[in-house]
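Undergrad: give me a 3D structure for the following:
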Amino acid sequence: MPIPEDERSYCVYILSCADDSFYTGMTNDLARRLAEHRAGRGARWTQRRLPVEVVFSLNGLSYRAACEVERYVKTLSRARKESLVAHDPGMLALVEKRIVH
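TA: Numbers count the residues shown, from 1 in each chain. The predicted structure follows:
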């Protein structure tokens with residue numbers, strides 16, 4: 001029996017692309033999703049910017065929380081995303097405020 005979507009563990013991730021851009025996404029299986037990106041079957045953004053590597057992930061989120069965090073991270077400037085990738089405590093705190101429990 002499949003696990004209901006609201007009970008799965010999701011993660012929000014940031015990829016660093018070959019052109020030095022960032023891609024932000026969410027998934028319930030990061031290894032599978034990364035393999036899809038690397039095989040050119042991921043988002044259009046990453047298809048044209050291979051290779052990619054995971055530079056940040058926030059794990060153990062509910063579907064709702066992952067959606068909120070992904071939406072927030074996508075609005076961040078490059079400088080703030082770089083702070084998040086560097087695990088800056090201030091940026092992590094701002095992201096954690098977006099987590100819906």
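
Undergrad: what residues of the helix or strand bottoming out on mean pLDDT in the chain count as buried?
TA: In the chain, no helix or strand scores lower on mean pLDDT, DSSP states H and E than helix 44-47, which sits at a mean of 91. Neighbour counts over helix 44-47 (16 or more other C-beta atoms under 10 Å) mark 45-46 as buried. Backbone N, C-alpha and C define where each C-beta goes, glycine included.

Undergrad: what's that helix in contact with?
TA: Outside helix 44-47, the residues that touch it by C-beta atoms under 8 Å, 6 or more residues apart in numbering are 15, 17, 21, 23, 37, 40-41, 52.

Undergrad: now do whichever strand in the chain runs longest: which elements does it pack against?
TA: Under DSSP state E, the strand in the chain containing the largest number of residues is strand 52-61. Judged by 3 or more C-beta pairs under 8 Å, 6 or more residues apart in numbering; DSSP states H and E, strand 52-61 is in contact with strand 10-17, strand 22-27, helix 30-38, helix 78-85.

Undergrad: winner for burial among those?
TA: Compared across the helices and strands packed on strand 52-61, strand 10-17 shows the largest average neighbour count, a mean of 22 (mean count of other C-beta atoms under 10 Å).

Undergrad: now that strand and strand 22-27, what's the angle there?
TA: 150 degrees (axes from the mean of the first three to the mean of the last three C-alpha atoms, to 10 degrees).

Undergrad: partner strands of strand 10-17 and their direction?
TA: strand 22-27 (antiparallel), strand 52-61 (antiparallel) (DSSP bridges).
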